[in-house]
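Visitor: the sequence and its predicted three-dimensional model are supplied below.
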Amino acid sequence: MGIQPNLLNQLVSFLLGASVAGVLIFFLSSEGIVSRPAASISSWSNGTMGFPDSPAQDANQTSRLEGASPQEANHTTQAAEQELERLLGAVADEDRTVIMTSVNEAWAAEGSLLDLFLESFKNGERIAHFVEHLLIVALDAGAFERCRAVHPHCYLLPPLAGNSSDLSEEKVFMSKDYIDLVWSKVRLQQRILELGYNFLFTDVDIMWFRNPLERMSVAAHMVTSSDFYFGDPYSPINAPNTGFLYVKSSNRTVGIFEAWRQARASFPGKHEQHVLNEIKFDLIEKRGLRLQFLDTVHNAGFCNNTRDFNTLYTMHANCCVGLGAKLHDLGNLMKEWRAYRGMDDERRRRGPVRWKVPGICIH
């Protein structure tokens, strides 16, 4: 079967983007545990939320942990675990589901990606209330302080044992620091599942326009966005993009995350998304994973050619190198989205409603 022209364009764009990537790191990264179907998350009620005083996580814990005695390090780790549990309890909805993203200092700075990300909820269609259930994971003290200034639920990620890297700076794609950090995302996500919480992880350079839960099957154990989507949402030939990942907490999914992490040894030097793509067939066939891939018509990225606001739920600034380029294109996209929201229904129905291209990355 030949590849359709738009899929070929996606592939070329993706490979060109990946070949020059020098990316800024951001990550976070039984079955009986889930109390009700995850689809009920879409019924979260709108409301306002203040920023009540709460026990603050210490922004100096990173510096304290370096050079600390084993006893002191263990105490700090225990404090971080307790804070994680407290925050999860505070942000989770009635079905124990949380939305999560992560930032470093550059991405959390005023006027940077975190501000755009939060703005997308405010300007989206009936999704402003999701911010009440958002946990922001800060990778460094600067990001943590900025997060606390704009959001009530911020978690400072403890440093990796034996790793004193400055997470506020840009990391070279596929460097050792990059690999270690993205695998720490999977470890943290597994811990959240072990604590009995479902999560929807979203990269901070993903703009939300509509409720993406509407596109997810209640029957799926795991739902991921797609770098390439070939028509069947349950076919493992689709290519996952774990920058947008929903997982139900269950014994099965905890085991799958453990297997995912163990598979790292079989693919040395590979990041977590690459390894998941390699083992997805085994996870589906041998572990019974129901893995749903989201259609790029609805959950799109700069790597593909989806260009209709009428069908768009989220947009990921992938295949785009550099913070400035992401901010430029996503900022313009948000301006055009606001104009779209101001259109009358008749104009929308005539569709498609396209945004202006090209940008620096979007095309």
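Guide: Yep, it's here.
Visitor: check which helix or strand covers residue 284.
Guide: Residue 284 is located in helix 272-287, with elements delineated by DSSP states H and E.
Visitor: next secondary structure element downstream of that helix?
Guide: Helix 272-287 is succeeded, C-terminally, by strand 291-293 (DSSP H and E).
Visitor: contacts for that next one?
Guide: Under the criterion C-beta atoms under 8 Å, 6 or more residues apart in numbering, residues 216-217, 220-226, 229, 233-236, 238, 240, 280, 283-284 lie in contact with strand 291-293. The C-beta positions use only the backbone N, C-alpha and C, and glycine is treated the same way.
Visitor: of those residues, which belong to helices?
Guide: Here DSSP state H is the test, and the contacts of strand 291-293 give 280, 283-284 as lying in helices.
Visitor: now, which of these sits nearest residue 261?
Guide: Checking the ones in helices among the contacts of strand 291-293 against residue 261 with C-beta to C-beta, the nearest one is residue 283 at 12.5 Å.
Visitor: now do residue 109 against residue 204, distance only.
Guide: Separation of residue 109 from residue 204 (C-beta to C-beta, to the nearest Å): 12 Å.
Visitor: check residue 319 too.
Guide: From residue 319 over to residue 204 the distance is 16 Å, taken as C-beta to C-beta.
Visitor: likewise for residue 85?
Guide: Separation of residue 85 from residue 204 (C-beta to C-beta): 23 Å.
Visitor: neighbour count: those two, which is higher?
Guide: Neighbours were counted for residue 85 and for residue 204 using other C-beta atoms under 10 Å; residue 204 has more, 24 against 14.
Visitor: correct me if wrong: that one contacts residue 107.
Guide: Yes. Using C-beta atoms under 8 Å, residue 204 is in contact with residue 107, at 5.7 Å.
Visitor: I'd say residue 106 and residue 322 touch.
Guide: No. Between residue 106 and residue 322 there is no contact under C-beta under 8 Å: 11.0 Å.
Visitor: from residue 322, how far off is residue 200?
Guide: 27 Å.
Visitor: what does residue 199 give?
Guide: Spatial separation of residue 199 from residue 322 under the definition C-beta to C-beta is 28 Å.
Visitor: kindly confirm my reading that residue 99 is in a strand.
Guide: Yes. Counting by DSSP: H, G, I helix; E, B strand; the rest coil, residue 99 is located in a strand.
Visitor: report the buried residues of stretch 217-224.
Guide: When neighbours are counted by 16 or more other C-beta atoms under 10 Å, the buried residues of stretch 217-224 are found to be 220-224.
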